[in-house]
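1. sequence isn't available, so here's the structure alone:
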């Protein structure tokens, strides 16, 4: 009741605005969004009032005005501090926003023949205010981004528009590019296979389109180069993230990793695969340990068995739990493996000193066989394992699972195993996007995750009203006892709709399900299109025509498809297909003439078909399984009912579906059995719908905790990464690092000399150290009477003399180049070794919980010690190489940066991996890494970064 009063009051006040603002509020909009919309509606009115002022302006006016605004911002911010500069710049943006938005609207009308609706203007204002605009499918998010992007591009600092794949990045750049160019703004696109010079030029544009992975990998690549000229990116100023929930939530559970070849143990994976096939393995959903020592095992068929751990260990070689995605060997299994290998203890024995314990290979092979399914989690294409994205159903060529899992799957499929890799650089998407000074997002489904956006990214979510009233019908779910019964009902429903020629979109969660439904439809003689990761090249053209009469389309996970379904068909795609077949391309002078001719010829037919589909009730959405996240279901529903069109949606669910099976289908199954429900008879009740949504909310909350924990761990690495990358950039930017070299020499001397002047002088060791470290030959007589302080001063003085002599004997320019090149090489080498140490630390850190310690605190401590050791090692290494290396030419020094093979990895986790954080993904029997480092004093600053004293923080 209160919400209705608020809504009515807001709507009345918006209706009274002059000039008129066409924004219609609905009861579905959350109250915080209603208040935000009301506070911004008057700005939309100002934009509308200026529309007439720019309509009659000549084309040159737009470019001149853009240049004028750019110069004004540059002039007002020149010489200011960073904080003051940001404040002044935002003030100018707010001042010119109404006029510049009116300019962009007019530019869009003249170039792409599209006018921004008032709701789109509102959405763009929200984007400019660094918030997320939730806009329904078909509301024109691509066009909305042009307003906020153009305004912020006036800063001259660059705007990044982030999309989910290369196809959309290229399409949106080509589609919206004319608007920016008309305004005098440059626009580029970044994609996977472009060369270095093209990439740098694209980043130099005012606005750059690209994917989240490309932006993230380019940041990592920029921090691996040998010169400033090889860097691509500018500073991170403003990012607009399209499909923000997909990028910042779905893909945020795993980091971006650049890796290189590591030691290979290919034959071990084949051996483990062969052994696992002989195991007697118990595959269960999950197990619970009771207080009485009895374990309750939930079997795959849903039944529960009480058993002692001893019986479980005695009867089976291995246990695999589906819900936790875990696999482990029993004692019996370990003994069997030891017998096969002829070793003593597989938890400690390794193939050689560089490899993981043998148990790692067996557990990864078990996971490959039982938890990762062909046609669902991956497909085999051209003799390679290609991962299928859990959330979008797309193929991800080039992506690999980490920690040997990919190699285990390759062995399972009998393929050639590719080499394992070592991490060279890594960052999570959360920490990459948090580097931007300003960030905003767009999606059709963000509000269910509003808490996470606020907590992790400091982004508020505003639900934007639709341009026209939404009239889509949302039918309650139908629940069946078995998957077979559910699919039979889906086929029956599709058959009835096909008879009346109503278009249908059937959404599935796996390639296997889509192909099974396709087979059943073919048996019925129903023609249809199938849209899944195997055929993604033509998916945009298939989905563009999915709203035509009698069109039946099966699609695997509709998230991120990026193409609207227009009732009656998409005439634009239809005409472009004809022109492409006739080899008439967009840059051809005859293109527009031919396009207009075909448009006039076919327009009436498409309009007529549109009206017929509307009469039939619009596009019908059929979901064949509830996803773990409500917003993925909402994305599927959102494919119908665009721009005020009619539509309907219904989900068909079975008790054998993953969500139902893993999260509480037992009671419903018991009731259906008790009352004798046949498998083809559904239950349809609002109470069951609510139960499903409650299960989804629990899963969402749990996944949020997983991502939050991942961020807590990565924040430790992020601080270290920032230090290393800052030092690296300083080396690249400085003309000379001579004084830095001397500072490192002094640090090394001050640290190492005391080791030889403790209770008794070790002059023999000291002279050997001086010779090996600095090529400094000193007699015992020179040192025998010196105390510690005198020895330090003596060595510093002599070493500087040696270096200054070297400067006189060597070309200074070449020496300066050598200093920088070797410093970068040592820093990169030590950082790579540090990443390997941190990877090993993560693998075993969860075991600390058994010792009643917090794994996160332990991780913070030990990673801090490792980082301190790395910094010391960098100084030692640079000093040692500087005195031992003689390089006469710059190109010889540059040889340390010869390009070596790298791979770019953004792994995906199973959506049903519920009971562990990602850090526990690598859970295996391993010897925990021991790190030595200087002891923290009780009054020293705490290593965790809290700014508290150690005794008041982690040292309590």
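-> The structure has been received and is ready for your questions. Every value quoted in this text rests on a predicted model; they were computed, and no experiment measured them.

2. from here on, contacts and neighbour counts on C-alpha atoms
-> Will do.

3. quick one: what helix or strand has residue 99 in it?
-> Per DSSP states H and E: residue 99 is located in helix 82-111.

4. what about that helix, average pLDDT?
-> Averaged across helix 82-111, pLDDT comes to 96.

5. how far off centre is it?
-> With C-alpha atoms, centre = their mean, to the nearest Å as the basis, helix 82-111 stands 30 Å off its chain's centre.

6. same thing with stretch 735-746?
-> From the chain centre to the centre of stretch 735-746 is a distance of 39 Å (C-alpha atoms, centre = their mean).

7. stretch 169-186 now?
-> Offset of stretch 169-186 from its chain centre (C-alpha atoms, centre = their mean): 25 Å.

8. pLDDT score assigned to residue 933?
-> 38.

9. for the nearest residue to residue 465 once chain neighbours are set aside, what are its contacts?
-> Spatial nearest neighbour of residue 465, chain neighbours left out: residue 25 (5.9 Å); criterion: C-alpha to C-alpha, 6 or more residues apart in numbering. The contact partners of residue 25, taken as C-alpha atoms under 8 Å, 6 or more residues apart in numbering, are 7, 11, 34, 465.

10. ok, the residue located most distally from the centre of the chain to residue 365 distance?
-> Ranked by distance from the centre of the chain (C-alpha atoms, centre = their mean), the top residue is residue 781, with 63.4 Å. Relative to residue 365, residue 781 is positioned 65 Å away (criterion: C-alpha to C-alpha, to the nearest Å).

11. residue 104 too?
-> From residue 104 across to residue 365, the span is 56 Å (C-alpha to C-alpha).

12. who has more neighbours, those two?
-> In this view residue 104 and residue 365 are compared by other C-alpha atoms under 10 Å, and residue 365 has more residues nearby, 31 against 24.

13. ok, for that one, nearest residue in space, not its chain neighbours?
-> Going by C-alpha to C-alpha, 6+ apart, residue 365 has residue 408 as its nearest residue, at 5.1 Å.

14. same check on residue 741?
-> Spatially, and ignoring its direct neighbours in sequence, residue 741 is nearest to residue 879 (7.4 Å; C-alpha to C-alpha, 6+ apart).

15. what does residue 878 give?
-> In space, residue 878 is closest to residue 823, 5.6 Å off (C-alpha to C-alpha, 6+ apart).

16. residues near that neighbour, how many?
-> 23.

17. report pLDDT for it.
-> Note on residue 823: pLDDT of 93.

18. try residue 174
-> 92.

19. reformat the contacts of residue 25 as a markdown table; add neighbour count and distance to residue 794.
-> Listed next are these as a markdown table, based on neighbours: other C-alpha atoms under 10 Å; distance: C-alpha to C-alpha, whole Å:
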| residue | neighbour count | distance to residue 794 |
| --- | --- | --- |
| 7 | 20 | 80 |
| 11 | 18 | 82 |
| 34 | 22 | 74 |
| 465 | 26 | 76 |
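
20. inside helices: which ones of those?
-> Among the contacts of residue 25, the ones falling in helices (DSSP state H) are 7, 11, 34.

21. can you pull out the helices in the stretch 751-900 of the chain?
-> 763-774, 780-783, 788-809, 812-845, 855-884, 890-893 (DSSP state H, counting those that start in this stretch).

22. of those helices, which is nearest residue 472?
-> Across the helices of the stretch 751-900 of the chain, the minimum distance to residue 472, taken as C-alpha to C-alpha, is reached by helix 855-884, at 47.0 Å.

23. buried residues in the closest one?
-> Residues 855-871, 873-883 are the ones in helix 855-884 that count as buried (16 or more other C-alpha atoms under 10 Å).

24. got the angle between it and helix 812-845?
-> Put simply, helix 855-884 runs at 150 degrees to helix 812-845, going by axes from the mean of the first three to the mean of the last three C-alpha atoms, to 10 degrees.

25. quick check: closest non-adjacent residue to residue 631.
-> residue 445 (5.3 Å).

26. next: residue 101.
-> Leaving aside its sequence neighbours, residue 101 sits nearest to residue 147 (C-alpha to C-alpha, 6+ apart; 6.0 Å).

27. before we move on, which element is that neighbour in?
-> Per DSSP H and E, residue 147 falls inside helix 141-153.

28. for that helix, which outside residues touch it?
-> With contact meaning C-alpha under 8 Å, 6+ apart, helix 141-153 is reached by 93, 97, 100-101, 104-105, 116, 120-121, 123-125, 127-128, 135, 158-159, 161, 172, 176, 179-180, 185, 206-207, 238, 240, 442-443.

29. what about these, which are in helices?
-> Going by DSSP H, the helices hold 93, 97, 100-101, 104-105, 120-121, 123-125, 127-128, 172, 176, 179-180 from the contacts of helix 141-153.
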